[in-house]
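Novice: need a structure here:
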Amino acid sequence: MDVLPLVGLVAASTAVAGAARRTPVPAPLLLVTVGLIASYLPGVPTYTLDAHIVLPLLLPPLLYTAAVDSSYLDLRANLRPVALLSIGYVLFATVAVGWLAYRLVPGLPLTAALVLGAVVAPPDAVTAAAIARRVGLPGRVTTILQGESLVNDATAITAYKVAIAAAVGEGMSWGAGIGEFFLAAVGGVVVGLALMVPLHWLRTHLRESLLQNTLSLLIPFVAYAAAERVHASGVLAVVVVALYLGHRSWQVDFATRLQEEAVWKMVAFILESAVFALIGLQLPFVLKGLGAYAVGDAVRYAVIVFLAVVVVRFAWVYPATYLPRWLSRRIREREPDTNWTAPLIVGWAGMRGVVSLAIAFSVPFVTTDGSPFPARNLVLFLTFTTVIGTLVVQGLSLPLLVRVLKLPGRDAKAETLAEAQAQSEASAAAEARLEELLADRRNQLPGPLADRLRTVLERRRNAVWERLGAANPVTGESADDTYRRLAREMIDAEREVFVALRDERRIDDEMLRSLLRRLDLEEAAAYREESDAP
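Specialist: You can find the predicted model right below:
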């Protein structure tokens with residue numbers, strides 16, 4: 001097996017994603033564009049998406065990292081709009097786009113058209129998270145989009161299985177299809193509920209960070225495979241487990257959390273980069289398979305299907321936003337009011353991605369009677385053009401739309417104030433506990449050491465409040481920023497001395513690593529690194 005093409009794909013895609021951080025262009029769009037161009041360069045290997053690889057090997061970790069970083073409480077508070085989009089909209093889009101394709105393409109059976117509808121119905125979890133982080137959408141809109149993208153793949157994959165069974169002649173009735181849909185959904189949730197507590201118990205009882213993080217990397221694959229083994233939704237199983245573990249991550253020791261965050265950031269970055277590059281690299285394969293369809297007709301179908309996907313989403317989002325409010329007083333009282341701009345953003349943020357392409361590639365070549373699957377190559381082409389169209393048209397224009405609408409982003413000052421108040425209450429509790437412990441003769445400390453504990457506590461209490469204060473007129477930094485910068489400078493000075501001592505053979509490498517790890521932990525405590533948006 002030649003691994004060089006795989007290594008080349010990972011290396012090139014991560015390099016492009018890294019370069020995108022220095023440009024105003026979102027990384028997914030730049031990766032897709034470079035993939036499209038690279039697909040026709042001489043010497044570039046042929047990369048073909050395989051649903052047997054993408055769905056069980058790439059989708060679970062991407063879903064897991066997105067769900068772990070989501071807020072269970074926020075999702076629960078927005079359960080109604082999330083469910084309407086992730087279930088109701090996907091089924092509506094499947095039928096609406098499928099019916100349009102059936103009427104549009106001569107000779108296309110309704111069952112095959114519904115397969116196309118199910119394939120292009122779900123907005124992509126990776127795309128939604130990446131674009132939402134980059135453009136700075138309001139908190140509730142981001143929660144709804146992320147919640148939708150976590151669950152809608154399960155709806156689309158199940159709808160696809162029902163449609164494909166009918167298309168290949170397995171004789172599945174609509175009643176049986178609906179039954180299979182609910183069985184897959186309920187089964188996925190049940191499997192997730194059954195796994196989440198034992199997995200969390202195992203995470204909290206393993207004593208080594210290395211073992212805990214190895215388990216963390218295995219969890220999404222275990223949950224997905226267990227659900228799929230019983231013909232349930234692996235997507236829902238992964239999401240349920242990840243939401244539970246993310247909600248209770250505070251019960252895992254700090255070393256594991258630090259290491260786990262770094263590991264999953266790297267995994268997500270590599271997989272997201274490779275996935276978007278793979279989308280662009282499919283162009284030659286898709287065009288080669290177009291076969292009997294005239295290019296002009298295929299392009300016309302592609303434009304109409306793309307426009308239908310966009311319009312159908314708005315046709316669902318606006319009624320789903322306002323009708324429940326008009327019909328239910330309870331909803332009006334419980335949920336914050338909204339204006340026309342939030343549904344507009346939610347409607348326009350329906351970018352498709354790799355899951356749609358992977359499902360399309362899994363469409364069988366022949367039916368049960370041995371005849372070719374009707375219009376398989378056209379289904380693949382229309383899926384590809386819809387994915388590219390939504391990524392380019394909607395992905396590029398979404399940041400501009402957010403700026404034009406002047407949507408309020410996160411209120412940084414209000415968030416800092418809430419953080420400061422929370423830290424103040426926690427510090428007061430910690431101070432009371434410290435005095436209680438010091439009153440016990442078994443915990444007696446010399447005065448300077450006890451004062452040091454109080455100083456560290458006071459430092460944590462004041463650090464957040466200082467960010468609300470006036471900035472340094474010379475540097476523009478807050479007192480907290482200056483403190484962290486000076487702390488890092490001091491640590492850097494110590495680190496240089498340790499390295500010099502190692503080079504002079506006064507300490508060995510093992511001692512150097514031990515000393516550097518201690519400094520690394522102190523630096524992590526002294527300096528809170530701001531996360532970079534991908």
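Novice: which residues in the stretch 151-300 of the chain form helices?
Specialist: 174-205, 209-229, 234-247, 254-281, 283-288, 295-327 (DSSP state H, counting those that start in this stretch).
Novice: what residues sit buried inside the shortest one?
Specialist: Of the residues in helix 283-288, those with enough neighbours to count as buried (16 or more other CB atoms under 10 Å) are 283, 285-286. C-beta: built from backbone N, CA, C; applies to glycine.
Novice: do you know which of the helices of the stretch 151-300 of the chain lies nearest Ala38?
Specialist: helix 254-281 (6.5 Å; CB to CB).
Novice: any idea of the mean pLDDT in the closest one?
Specialist: Across helix 254-281, pLDDT averages out at 87.
Novice: pull out the buried positions in that helix.
Specialist: 256, 260, 264, 267-281.
Novice: now distance to Val363 too, for the buried residues of helix 283-288, in a markdown table please.
Specialist: Output for the buried residues of helix 283-288, formatted as a markdown table (distance: CB to CB, whole Å):
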| residue | distance to Val363 |
| --- | --- |
| Leu283 | 18 |
| Phe285 | 14 |
| Val286 | 13 |
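Novice: looking at those, which one is closest to Ala360?
Specialist: Nearest member of those to Ala360, counting by CB to CB, is Val286, at 9.2 Å.
Novice: Gly179: which of the buried residues of helix 283-288 is nearest?
Specialist: Val286 (34.3 Å).
Novice: which stretch of helix or strand covers the residue nearest to the closest one when sequence neighbours are not counted?
Specialist: The spatial neighbour of Val286 that comes closest, neighbours along the chain excluded (CB to CB, 6 or more residues apart in numbering), is Phe384 at 4.5 Å. Using DSSP states H and E, Phe384 maps to helix 376-389.
Novice: looking at this protein, which helix or strand is least sure?
Specialist: Ranking every helix and strand in the chain by mean pLDDT, DSSP states H and E puts helix 125-135 at the bottom, with a mean of 64.
Novice: which residue ranges form the helices in the stretch 301-450 of the chain?
Specialist: 329-334, 341-348, 354-361, 376-389, 395-405, 412-438, 447-467.
Novice: what mean pLDDT does the first one get?
Specialist: When pLDDT is averaged along helix 329-334, the result is 80.
Novice: list the buried residues for it?
Specialist: Buried, per 16+ other CB under 10 Å, within helix 329-334: nothing.
Novice: likewise for the second one?
Specialist: Buried residues in helix 341-348, counting neighbours by 16+ other CB under 10 Å, are found at 341-348.
Novice: TSV please, covering those residues and showing distance to Ala493 and pLDDT.
Specialist: Formatted as TSV, the buried residues of helix 341-348 follow (distance: CB to CB, whole Å; pLDDT from 0 to 100):
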residue	distance to Ala493	pLDDT
Thr341	51	87
Ala342	50	86
Pro343	55	91
Leu344	53	92
Ile345	48	89
Val346	51	90
Gly347	54	92
Trp348	51	91
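Novice: closest one of those residues to Arg313?
Specialist: Looking across these and measuring by CB to CB, the closest to Arg313 is Gly347, at 5.1 Å.
Novice: OK, contacts around the closest one?
Specialist: By CB atoms under 8 Å, 6 or more residues apart in numbering, Gly347 lies in contact with 313-314, 317-318.
Novice: likewise for Leu405?
Specialist: 341, 344-345.
Novice: likewise for Leu245?
Specialist: Contacts for Leu245 (CB under 8 Å, 6+ apart) come out as 68, 196, 199-200, 203, 219.
Novice: just Val191 next, same as before
Specialist: 223, 226-227, 230, 232, 236-237, 240.
Novice: repeat that for 10 Å
Specialist: Going by CB atoms under 10 Å, 6 or more residues apart in numbering, Val191 touches 223-224, 226-230, 232-234, 236-238, 240-241.
Novice: right, and Val189 touches Gly234 too?
Specialist: No: counting by CB atoms under 10 Å, Val189 does not reach Gly234; the two are 11.6 Å apart.
Novice: higher neighbour count, these two?
Specialist: Counted by other CB atoms under 10 Å, Val189 and Gly234 do not tie: Gly234 has more neighbours, with 30 against 18.
Novice: where's that one relative to Ala51, distance?
Specialist: Counting by CB to CB, to the nearest Å, the gap from Gly234 to Ala51 is 13 Å.
Novice: find residues that contact each of the two.
Specialist: Common neighbours of Gly234 and Ala51 (CB under 10 Å, 6+ apart) are 59, 157.
Novice: among the contacts of Val191, which ones are buried?
Specialist: Counted by 16+ other CB under 10 Å, the contacts of Val191 give 223-224, 226-228, 232-234, 236-238, 240-241 as buried.
Novice: which elements pack onto the helix or strand where Phe92 lies?
Specialist: Per DSSP H and E, Phe92 falls inside helix 90-104. On a contact count with 3 or more CB pairs under 10 Å, 6 or more residues apart in numbering; DSSP states H and E, helix 90-104 meets helix 110-120, helix 139-167, helix 295-327, helix 376-389.
Novice: distance to Ser514 and mean neighbour count for these - can I get that in a markdown table?
Specialist: Output for those, formatted as a markdown table (distance: least, CB to CB, whole Å; neighbours: other CB atoms under 10 Å):
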| stretch | distance to Ser514 | mean neighbour count |
| --- | --- | --- |
| helix 110-120 | 54 | 27 |
| helix 139-167 | 40 | 24 |
| helix 295-327 | 56 | 16 |
| helix 376-389 | 50 | 23 |
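Novice: and the ones you listed, which one is worst for confidence?
Specialist: Looking at those, the weakest mean confidence is helix 139-167, a mean of 85.
Novice: what angle separates that one from helix 90-104?
Specialist: 50 degrees (axes from the mean of the first three to the mean of the last three CA atoms, to 10 degrees).
Novice: and the angle from helix 139-167 to helix 209-229?
Specialist: Using the same axes, to 10 degrees: helix 139-167 against helix 209-229 is 40 degrees.
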